[in-house]
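Visitor: predicted coordinates and the sequence they were generated for:
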Amino acid sequence: MRTINDVTITEIALDQMSSTPNPRLKQVMAAAVKHLHAFAREVDLTPEEWLEGIRFLTAVGQTCTPYRQEFVLLSDTMGLSSLVNSLHDKRATGEGTQSSLLGPFYRQDAPKLELGQSIVAAKSAGQEIALYGRVVDSDGRGIPHASVEVWQPDETGNYDLQNHDPSVMDLRGHFHADPEGRYHVRTILPCGYKVPMDGPVGDLLRAQERPGARPAHIHFLIGAPGYSEVVTALYLAGDPSIESDTVFGVSDSLVVEPKRDPGSPLPELPSIRYDFTLAAAKDGFSGRVGADPSQITKNGR
Ligand code: BEZ
Ligand code: FE
């Protein structure tokens with residue numbers, strides 16, 4: 001006979017799960033159970049609090065739709081998505097550009113544009129800027145014809161997706177770098193915005209007195225055959241939320257400032273110069289990080 005109590009339950013549960021044939025599932029579930037039990041012991045979790053947690057997670061699930069992934073938002077706002085990205089960056093074969101969250105607004109079918117074209121498809125009152133630089137390998141050599149996808153919110157913080165019609169997203173483009181790996185793009189200055197605050201994650205953020213802000217940023221997905229994709233974003237210096245991004249996407253190496261630049265291919269515009277570094281791919285793993293699974297399913301990836 002055995003006694004189940006607050007100490008013995010962990011080993012007893014792990015023992016029963018030890019039959020798992022898949023070694024990675026066995027490792028992940030054993031660690032999850034150990035840490036969950038340790039968490040419950042540390043806070044001396046009560047049945048009412050456990051039930052409240054179940055209610056919260058149920059509401060998170062019920063808020064998900066084909067266009068909204070509240071679980072990803074929960075992961076983002078707890079720093080888990082950012083941690084998974086950092087672990088992924090560490091596994092790369094060489095030095096690459098720091099990754100940042102893909103976010104829920106990525107769409108696979110961005111319009112194909114020529115270098116120098118604007119990603120702004122609709123009339124906009126935003127301040128025009130240029131983005132330019134190179135896509136290079138870990139040794140600084142240009143990667144010819146690298147794929148550069150760019151998307152961002154407008155000058156009011158909207159991605160134009162509020163009507164749930166992805167085809168009307170006006171600020172995105174898919175470019176290919178030139179034979180030396182150079183790219184240049186016209187766009188407008190984006191504005192920061194709040195993560196969706198009308199669901200259970202918003203309720204939690206309010207309970208924590210967190211404003212839910214994301215600083216102004218421009219998203220990039222950069223890739224080339226034989227290289228690990230980089231999913232990242234550039235953040236605008238001076239944004240009031242730069243130090244308090246709700247989803248922990250900002251690192252110093254990703255903070256930029258548009259300036260007059262005679263060396264820009266579009267010198268008439270305030271320009272941001274940024275070189276992206278791709279590490280060589282490992283074992284055919286694409287390295288896409290931070291994706292919103294609802295969008296992956298929707299786009300058939
Ligand atoms: C975004 O950058 O678009 C984003 C990322 C995480 C949560 C919400 C929005
Ligand atoms: Fe974004």
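Guide: Noted; the coordinates are in hand. Ligands and ions are numbered 1, 2, ... in the order given.
Visitor: and the residue of the stretch 51-200 of the chain found nearest ligand 1, what pLDDT?
Guide: Across the stretch 51-200 of the chain, the shortest distance to ligand 1 (CB to the nearest ligand atom) belongs to residue 103, at 2.7 Å. For glycine as for every other residue, the C-beta is placed from the backbone atoms N, C-alpha and C. Residue 103 is assigned a pLDDT of 90 by the prediction.
Visitor: what number of residues lie near the residue nearest to it when sequence neighbours are not counted?
Guide: For residue 103, the nearest residue in space outside its immediate sequence neighbours is residue 219; the separation is 6.4 Å by CB to CB, 6 or more residues apart in numbering. By other CB atoms under 10 Å, the residues close to residue 219 number 24.
Visitor: again, but for residue 198
Guide: By the criterion of other CB under 10 Å, residue 198 has 9 neighbours.
Visitor: can you tell me how far it is from residue 219?
Guide: With the distance defined as CB to CB, to the nearest Å, residue 198 ends up 23 Å from residue 219.
Visitor: for the record, mean pLDDT for stretch 246-262?
Guide: The predicted model gives stretch 246-262 an average pLDDT of 97.
Visitor: wait, does it contact ligand 1?
Guide: Yes - Stretch 246-262 lies in contact with ligand 1 when judged by CB under 6 Å from any ligand atom; the contacting residues are residue 247.
Visitor: helix or strand: which one has the residue of the stretch 201-301 of the chain at minimum distance from ligand 1?
Guide: Of the stretch 201-301 of the chain, the residue with the smallest distance to ligand 1, taken as CB to the nearest ligand atom, is residue 247 at 4.3 Å. Secondary-structure assignment from DSSP states H and E places residue 247 in no helical or strand segment.
Visitor: from residue 73, how far off is it?
Guide: With distances taken as CB to CB, residue 247 is found 8 Å from residue 73.
Visitor: ok, the two, which is more surrounded?
Guide: Applying other CB under 10 Å to residue 247 and residue 73 shows that residue 73 carries more neighbours, namely 28 against 22.
Visitor: doesn't that one belong to a helix?
Guide: Yes - residue assignment for residue 73, taken from DSSP: H, G, I helix; E, B strand; the rest coil, places it within a helix.
Visitor: quick revisit: give the intersection of the neighbour lists for residue 247 and residue 73.
Guide: Contact criterion CB atoms under 8 Å, 6 or more residues apart in numbering; residues bridging residue 247 and residue 73 by contacting each: residue 195.
Visitor: what ranges in this structure fall below the confidence cut-off?
Guide: Within the chain, the stretches with pLDDT under 70 are 160-169, 283-301.
Visitor: could you list the contact residues of it toward ligand 1?
Guide: By the rule CB under 6 Å from any ligand atom, the part of the chain lying against ligand 1 is 73, 76, 101, 103, 104, 105, 195, 214, 247.
Visitor: switch the cut-off to 5 Å
Guide: For the chain, the residues found near ligand 1 under the criterion CB under 5 Å from any ligand atom are 76, 101, 103, 105, 195, 247.
Visitor: which parts of this structure are helices?
Guide: 9-17, 23-43, 47-63, 70-77, 80-90, 200-207, 293-298 (DSSP state H).
Visitor: which of those helices is buried the deepest?
Guide: helix 70-77 (a mean of 22; mean count of other CB atoms under 10 Å).
Visitor: just the CA trace of it, in CSV.
Guide: Once non-C-alpha atoms are left out, helix 70-77 reads as follows in CSV (Å, rounded to 0.1, in the frame of the first residue of the first chain):
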residue,chain,number,x,y,z
GLU,A,70,-5.9,33.9,-27.0
PHE,A,71,-3.5,31.1,-25.8
VAL,A,72,-0.7,32.5,-27.9
LEU,A,73,-1.5,36.0,-26.4
LEU,A,74,-1.3,34.4,-22.9
SER,A,75,2.0,32.9,-23.8
ASP,A,76,3.2,36.2,-25.2
THR,A,77,2.2,38.2,-22.2
